[in-house]
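**Student:** Following is a predicted model, sequence given first.
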Amino acid sequence: MGDEAPTSVARKDADFAGIQSSPDFVELKKRHRAFVFPVLGLALVWYLAYVLLAGYAPDFMAIPVFGLVNVGLLIGLGQVATTFIVTMLYVWYANKKLDPIAERIRDEAAEEGVR
């Protein structure tokens with residue numbers, strides 16, 4: 001019903017092995033990994049630091065900053081903010097660095113399918 005893949009994506013005669021070994025695809029993977037792995041590493045360290053501080057330094061996390069807001073609450077809100085910031089950065093990076101290459105790969109694959 002509405003779950004069929006578009007024909008351009010579901011082509012059975014596409015040379016997927018050729019696409020994967022193309023210089024553009026290799027560059028696309030390289031750029032994707034150059035962004036994802038460092039950001040993932042930093043996000044995991046940031047999250048692990050929060051969990052460890054909550055578990056092993058509850059007195060530090062309970063330090064009041066203003067009113068009823070303490071350090072733990074601010075770091076927790078920082079975790080949420082980090083999610084949005086990383087998402088916005090990835091969208092910007094993908095639009096600028098990944099999408100042009102992906103579009104070129106898609107166009108070349110479509111041209112080869114017409115031949």
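**Tutor:** Ah, there it is.
**Student:** which is the next helix or strand following the lengthiest helix in the chain?
**Tutor:** For the chain, the helix that runs over the most residues, judged by DSSP state H, is helix 23-56. Next in sequence after helix 23-56, counting helices and strands by DSSP states H and E, comes helix 58-61.
**Student:** Which elements pack onto that next one?
**Tutor:** Judged by 3 or more C-beta pairs under 8 Å, 6 or more residues apart in numbering; DSSP states H and E, helix 58-61 is in contact with helix 23-56, helix 71-93. Backbone N, C-alpha and C define where each C-beta goes, glycine included.
**Student:** got the contact list for residue 70?
**Tutor:** Residue 70 sits next to 61-64 when contact means C-beta atoms under 8 Å, 6 or more residues apart in numbering.
**Student:** Which residues are in contact with the residue lying farthest from the centre of the chain?
**Tutor:** Ranking residues of the chain by C-alpha distance from their mean position (C-alpha atoms, centre = their mean) puts residue 67 at the top, at 36.0 Å. Listed by C-beta under 8 Å, 6+ apart, residue 67 has no contact partners.
**Student:** What count of nearby residues applies to residue 28?
**Tutor:** 19 (other C-beta atoms under 10 Å).
**Student:** which one is it nearest to, not counting chain neighbours?
**Tutor:** Closest residue in space to residue 28, ignoring its immediate chain neighbours: residue 101 at 4.6 Å, by C-beta to C-beta, 6 or more residues apart in numbering.
**Student:** Quick check, pLDDT for the one you found.
**Tutor:** Note on residue 101: pLDDT of 96.
**Student:** so it sits in a helix?
**Tutor:** Yes - the assignment for residue 101 is a helix, going by DSSP: H, G, I helix; E, B strand; the rest coil.
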